[in-house]
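Trainee: After the sequence you'll find the predicted model.
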Amino acid sequence: MQDVTLTLAKFTKGGYWSVPISFEGVPGPEYVSLFDQNGYDLTELEKLYSQVNGNNTTDHRNSTHHALKQPWFTQESKTQGAVLNHSLIFERKGYEGPALDQLTTWSQTNPLINKVSKMRPKWGLDFSIDYADVEGNVFEVLHWEYDGFDYDEIQERKLRYELKFLRTDWDDAAKTILTHKDKWHHLDFFAQSNWKCNYFGIEKERFKMVIWQ
């Protein structure tokens, strides 16, 4: 049965923030601490720019992590069969205009600010669905992540795989994959991912793209 639902979530094509923030002095290292160079977690400084540039962040995993993300697919609550773990679209912004000028000035005092000013815009897709049954079987049916710095490329993937994922009977697919357990269970993380991507006829994952120019 196909029981995942596509949301109305859309990417923002504009990849840059240009409006500067009001800030007294120069942001200290704590404003760019725990910088996520290959993901989507925002620093405290990025969150300030998000507020003035009209983008709302949401909690990511817990209340101490924030990201520009939206639900991509959803599913009614269920406890067995193919169960959606998470499905999200992500964005991360670069800087231009007055915002970039502000960051560049601050970087003369605090070079760590360059961690933010040198970022490229990035967009990402994440679809993760698991399987569990009363016989004790539990495994990842598909966990596909795909990042990139080209909006048109990621938008094309989004539209392509929305059709693919909507047309897939995930319960049936999971049961079929289980019959081939001897072909993938012994493989490491990346090899399992490649096997399952091949099974579903989709390109292999591409993620953890380093965001700096």
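Mentor: Thanks, I have the structure now. Numbers count the residues shown, from 1 in each chain.
Trainee: Helix or strand with the lowest mean pLDDT in the protein?
Mentor: Ranking every helix and strand in the chain by mean pLDDT, DSSP states H and E puts strand 58-60 at the bottom, with a mean of 53.
Trainee: For the chain, just list every one of the helices.
Mentor: Shown for the chain, the helices assigned by DSSP state H span residues 44-52, 97-107, 114-117, 151-166, 170-179, 181-184, 189-200.
Trainee: name the helices or strands packed onto the fourth one?
Mentor: Of the remaining helices and strands, those touching helix 151-166 by 3 or more CB pairs under 8 Å, 6 or more residues apart in numbering; DSSP states H and E are strand 4-6, strand 122-132, strand 138-148. (Glycine included, C-beta is placed from N, CA and C.)
Trainee: To E96, which of those lies closest?
Mentor: Nearest of those to E96, taken as CB to CB: strand 122-132 at 15.0 Å.
Trainee: The closest one vs helix 170-179, what angle?
Mentor: 70 degrees (axes from the mean of the first three to the mean of the last three CA atoms, to 10 degrees).
Trainee: In CSV, list the helices of the chain along with distance to L34.
Mentor: What follows is the helices of the chain, written out as CSV (distance: least, CB to CB, whole Å):
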stretch, distance to L34
helix 44-52, 9
helix 97-107, 18
helix 114-117, 11
helix 151-166, 25
helix 170-179, 35
helix 181-184, 34
helix 189-200, 24
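Trainee: I'd like those helices written out as JSON lines, with mean neighbour count, mean pLDDT and distance to A9 added.
Mentor: Shown next, in JSON lines, are the helices of the chain (neighbours: other CB atoms under 10 Å; pLDDT from 0 to 100; distance: least, CB to CB, whole Å):
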{"stretch": "helix 44-52", "mean neighbour count": "18", "mean pLDDT": "95", "distance to A9": "17"}
{"stretch": "helix 97-107", "mean neighbour count": "17", "mean pLDDT": "98", "distance to A9": "25"}
{"stretch": "helix 114-117", "mean neighbour count": "21", "mean pLDDT": "98", "distance to A9": "25"}
{"stretch": "helix 151-166", "mean neighbour count": "15", "mean pLDDT": "97", "distance to A9": "9"}
{"stretch": "helix 170-179", "mean neighbour count": "17", "mean pLDDT": "96", "distance to A9": "20"}
{"stretch": "helix 181-184", "mean neighbour count": "12", "mean pLDDT": "96", "distance to A9": "30"}
{"stretch": "helix 189-200", "mean neighbour count": "15", "mean pLDDT": "96", "distance to A9": "21"}
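Trainee: All set, thanks.
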